[in-house]
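predicted model and sequence follow; I will ask about them next.
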Number of protein chains: 2
Amino acid sequence: MKLSESELTALARSALHGAGLGKEDAACAASILVTADLLGLHTHGTSRIVSYAERVPLGGIAPRAAISVERVAPALCRVDGANGMGPVVGQRALAAALDCAREAGIGAAFVRASNHFGPIAPYCLIAAEQGFATIIGSNATTTIAPTGGAEARLGNSPLGFGLPHPGGRPIILDMALSVVARAKIRDALKSGRVIPETWATDAQGRATTDPRAALDGFLLPIGGYKGYGLALIVDLFAGLLSGAAYLTHVESWSEHPERPQNLGHFFIAIDTRRLGNPEWLAERMADFVAIVHDTPRAEASIPVRLPGEMELDTLKRNRLEGVVIADDLHTQLTALAARA
Amino acid sequence: MKLSESELTALARSALHGAGLGKEDAACAASILVTADLLGLHTHGTSRIVSYAERVPLGGIAPRAAISVERVAPALCRVDGANGMGPVVGQRALAAALDCAREAGIGAAFVRASNHFGPIAPYCLIAAEQGFATIIGSNATTTIAPTGGAEARLGNSPLGFGLPHPGGRPIILDMALSVVARAKIRDALKSGRVIPETWATDAQGRATTDPRAALDGFLLPIGGYKGYGLALIVDLFAGLLSGAAYLTHVESWSEHPERPQNLGHFFIAIDTRRLGNPEWLAERMADFVAIVHDTPRAEASIPVRLPGEMELDTLKRNRLEGVVIADDLHTQLTALAARA
């Protein structure tokens, strides 16, 4: 069924409030997850409210967590998520990083004791709309084996970047470091196709084209040891430097929904207005975008795109026309909302 | 021939001084390029002095550039390289970013009007030895076509990260965003092998396994559109935000050695001592490294490694035993040194 942005926002807020969050925190988390749906990122949107809410009565997530922000240097914060709901912690940390950057030109927040915080794109978008460039990352439950390894020891950590474009469309890159998501391997198995040998390994850590063996094995990172290196770096910044869990210390929310994950994130923000005025930036961004768009095409019918472009087009359309939400999700969110 | 670190340093300094640099700047640049050789990164080491020096009499590089650092916010600098020699500009910018981070916890320098600054690993190493984590990038002459494009519009931009490990070996990732370097495709052509179709496209932007067609075409970035996205982001930070050239505006030093390239870099540094004391960090880094090293191996004889580990082993050995430099390079550097 199709809901307007304000209808979906009201429903998401009520559902989160029903799951135990205070009204302000519910609004804060809803904003991230609804933006995810509007961007077309439904796997990381309001559907997550259901899985987040399931962990609350088990003690896996603290709905009324006392999140604390400690400014350890003029432009640097440590954030203790106190096992709160991820998008609430994420919003607090983003705000802290932006406050630092507003004062010092650049600022950062390193976050511990958090949970899954939704996709990265909405945070980059919020920052870009206020003139900030961002680098944001999170660690995750282990699903990737190190290059040359035969056991999952690091997460498919998401990494995101945002660039403001005053008066235009920002550039946002939000990606995990695996070649493909697990769902793509499941799709191949269902339709009886082999997979490229760059997608995954079997349980012994050997590249495979068999989707069944791949589902028993590990996702491969982009560019082999390069993507493996990037995934490690994201965990070092998001998990190790923040004081959170890292690598195999991160608890799996699916295997142990009752345990705090102690997930870590990092948010780095740069105030672009200290580097040049918005007119200067707008002119350069427009020129940059035009150079990319004007690239001769490999196939005449397929345009050359910038990262995030399709998602931001979807956002614009969904804001005008409303966003389609699965019926069963609507039912589940309505049931949660009724608890409040 | 084999030279000790101090012999190679003395030779590199003299050669750079012979190329027109002041003694202090020559020492500054030599430190980066000699460290590159010690790390085994010979393509980006003292061999570059020869190509840098060739551009000086043509006006392509200004040997006595008045590099200026403007602190535009408490933790943010803009650096004008004034077309100086890349590693001199890079060292000044790194120092500026570290100064900011020392005061504010995090700091950054955005650099314009620079040139090729050597590999990124030496900068990460200098920062890590002083307790700073880093994110460093540079743009480069265009060699990569955007995903779906059939013309080189962005550079194979290097991106690097460093993490300090008090009392231990830092973790350093220094990578370009192509699957492989061009040299690997040349090797395949020489030995009559086909290449994997993930390495490069032909001149029409179509994936190819023919090394000859690939050399007429474009390098492919890691992970397809993901690596393309990362390369764009590095250029947006290093080129666009810094006020430097970006994308096709970057001049090619091989085609037009007489023209300033207006290359851009960015340096972000985080003072890890604001996040926790060195004992805390050392303990966490040792645990992190142990978890990765202890991963069961896919092949019993091949150890699981961390990024930069082999290069830092090479550095240690070369510092003890000296580093092998090609005879003709030694002759060229000696000839440059004789000019001083």
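Sure thing, it's come through.

and the nearest residue to residue A:224 once chain neighbours are set aside, which of the three is it?
Of all residues not flanking residue A:224 in the chain, residue A:147 sits nearest, at 6.1 Å (C-beta to C-beta, 6 or more residues apart in numbering or on different chains). Heads up, the C-betas are built off the backbone N, CA and C, glycines and all. Applying DSSP: H, G, I helix; E, B strand; the rest coil to residue A:147 yields a three-state assignment of coil.

equivalent analysis for residue A:70, please.
strand.

I'd say it and residue A:78 touch.
Yes. Using C-beta atoms under 8 Å, residue A:70 makes contact with residue A:78 at a distance of 4.9 Å.

so for these two, which sits in the more crowded spot?
residue A:78 (24 against 11; other C-beta atoms under 10 Å in any protein chain shown).

how far does whichever strand or helix holds the more buried one sit from the chain's center?
According to DSSP states H and E, residue A:78 maps onto strand A:76-80. Its chain's C-alpha centre and that of strand A:76-80 lie 19 Å apart, by C-alpha atoms, centre = their mean, to the nearest Å.

what helices or strands is that strand leaning on?
Contact partners of strand A:76-80 among helices and strands, from 3 or more C-beta pairs under 8 Å, 6 or more residues apart in numbering or on different chains; DSSP states H and E: strand A:68-73, helix A:86-104, strand A:106-114.

got the CA positions of the shortest one in PDB?
The C-alpha atoms that make up strand A:68-73 are tabulated as PDB, following Å, rounded to 0.1, in the frame of the first residue of the first chain:
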ATOM      1  CA  SER A  68      26.000  10.200  26.500                       C
ATOM      2  CA  VAL A  69      28.300  12.500  24.400                       C
ATOM      3  CA  GLU A  70      31.700  13.300  25.800                       C
ATOM      4  CA  ARG A  71      33.700  16.000  24.000                       C
ATOM      5  CA  VAL A  72      37.200  14.800  24.500                       C
ATOM      6  CA  ALA A  73      38.800  17.500  22.400                       C
END
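
pull out the buried residues from it.
Of all the residues in strand A:68-73, those buried under the rule 16 or more other C-beta atoms under 10 Å in any protein chain shown are A:69, A:71, A:73.

hang on, the last one packs against residue B:107?
No. Under the contact definition of C-beta under 8 Å, residue A:73 does not touch residue B:107, with a separation of 10.0 Å.

what do those two both touch?
With contacts taken as C-beta atoms under 8 Å, 6 or more residues apart in numbering or on different chains, residue A:73 and residue B:107 have no neighbour in common.

which residue ranges form the helices in chain A?
Taking DSSP state H, the helices of chain A run over residues A:5-18, A:23-38, A:47-58, A:86-104, A:121-129, A:182-190, A:211-216, A:225-235, A:278-293, A:309-321, A:327-338.

would TSV of those helices with distance to residue A:262, mean neighbour count and mean pLDDT be doable?
Shown next, in TSV, are the helices of chain A (distance: least, C-beta to C-beta, whole Å; neighbours: other C-beta atoms under 10 Å in any protein chain shown; pLDDT from 0 to 100):
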stretch	distance to residue A:262	mean neighbour count	mean pLDDT
helix A:5-18	22	21	98
helix A:23-38	19	23	98
helix A:47-58	14	19	95
helix A:86-104	12	25	98
helix A:121-129	20	25	98
helix A:182-190	23	15	91
helix A:211-216	27	18	95
helix A:225-235	13	26	96
helix A:278-293	38	16	98
helix A:309-321	30	16	97
helix A:327-338	25	15	97
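
can the ones you listed go into CSV with extra columns for distance to chain B?
Formatted as CSV, these follow (distance: least, C-beta to the nearest C-beta, whole Å):
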stretch, distance to chain B
helix A:5-18, 27
helix A:23-38, 18
helix A:47-58, 23
helix A:86-104, 4
helix A:121-129, 11
helix A:182-190, 13
helix A:211-216, 14
helix A:225-235, 4
helix A:278-293, 5
helix A:309-321, 11
helix A:327-338, 28
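
could these be laid out in CSV, adding distance to residue B:226?
Formatted as CSV, the helices of chain A follow (distance: least, C-beta to C-beta, whole Å):
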stretch, distance to residue B:226
helix A:5-18, 29
helix A:23-38, 19
helix A:47-58, 23
helix A:86-104, 22
helix A:121-129, 14
helix A:182-190, 14
helix A:211-216, 19
helix A:225-235, 8
helix A:278-293, 16
helix A:309-321, 14
helix A:327-338, 28
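
out of those, flag the one nearest residue A:270.
Nearest to residue A:270 among the helices of chain A is helix A:86-104 (6.1 Å), distances taken as C-beta to C-beta.

my read: residue A:201 touches residue A:220, true?
Yes. Between residue A:201 and residue A:220 there is a contact under C-beta under 8 Å: 6.2 Å.

same drill for those two, tell me which one is more crowded.
Set side by side, residue A:201 and residue A:220 show more neighbours around residue A:220, with 27 against 22, by other C-beta under 10 Å.

skip the chain neighbours and tell me the closest residue to residue A:91.
Nearest to residue A:91 is residue A:28, by C-beta to C-beta, 6+ apart, at 4.6 Å.

so who does the one you found touch?
A:87, A:88, A:91, A:92.

show me the residues around the third one that make contact.
For residue A:91, the contact set (C-beta under 8 Å, 6+ apart) comprises A:28, A:29, A:31, A:32, A:123.

using CSV, please lay out those together with distance to residue B:195.
CSV is the format used below for the contacts of residue A:91 (distance: C-beta to C-beta, whole Å):
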residue, distance to residue B:195
A:28, 50
A:29, 48
A:31, 47
A:32, 43
A:123, 39
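
can you tell me how far residue A:164 is from chain B?
Relative to chain B, residue A:164 is positioned 10 Å away (C-beta to the nearest C-beta, to the nearest Å).

for the nearest residue to that residue once chain neighbours are set aside, give its distance to residue A:98.
For residue A:164, ignoring the flanking residues on the chain, the nearest one in space by C-beta to C-beta, 6+ apart is residue A:128 at 4.1 Å. According to C-beta to C-beta, to the nearest Å, residue A:128 stands 11 Å off from residue A:98.

mind checking pLDDT for the residue most central in space within chain A?
With distances taken as C-alpha atoms, centre = their mean, residue A:119 lies nearest the centre of chain A, 2.2 Å away. The per-residue pLDDT reported for residue A:119 equals 97.

for the residue lying closest to it once chain neighbours are set aside, give me its contacts.
Spatial nearest neighbour of residue A:119, excluding adjacent residues (C-beta to C-beta, 6+ apart): residue A:44 at 3.9 Å. The contact partners of residue A:44, taken as C-beta under 8 Å, 6+ apart, are A:33, A:36, A:118, A:119.

quick check: the farthest pair among these?
By the measure C-beta to C-beta, A:33 and A:119 form the most distant pair in the contacts of residue A:44, at 9.0 Å.

mind listing the shared neighbours of these two?
The contact lists of residue A:33 and residue A:119 share A:44, A:45, where a contact means C-beta under 8 Å, 6+ apart.

which of the contacts of residue A:28 sits closest to residue B:300?
Distance to residue B:300, by C-beta to C-beta, is smallest for residue A:87 among the contacts of residue A:28, at 43.9 Å.

hang on, that closest one packs against residue A:118?
Yes. Between residue A:87 and residue A:118 there is a contact under C-beta under 8 Å: 4.8 Å.

any residues in contact with both of the two?
With C-beta under 8 Å, 6+ apart as the test, residue A:87 and residue A:118 both reach A:29, A:32, A:33.

circling back: sheet partners, orientation included, of the strand holding residue A:78?
strand A:68-73 (antiparallel), strand A:106-114 (parallel) (DSSP bridges).

what's the angle from the first one to helix B:86-104?
Angle of strand A:68-73 versus helix B:86-104, following axes from the mean of the first three to the mean of the last three C-alpha atoms, to 10 degrees, is 120 degrees.

the longest one now?
Taking the same axes, to 10 degrees, strand A:106-114 and helix B:86-104 form an angle of 60 degrees between their directions.

still on that earlier bit, now the two most distant members of the contacts of residue A:28.
A:87 and A:92 (9.8 Å).

so which of the buried residues of strand A:68-73 is the closest to chain B?
For the buried residues of strand A:68-73, the minimum distance to chain B (C-beta to the nearest C-beta) is 2.6 Å, reached by residue A:73.
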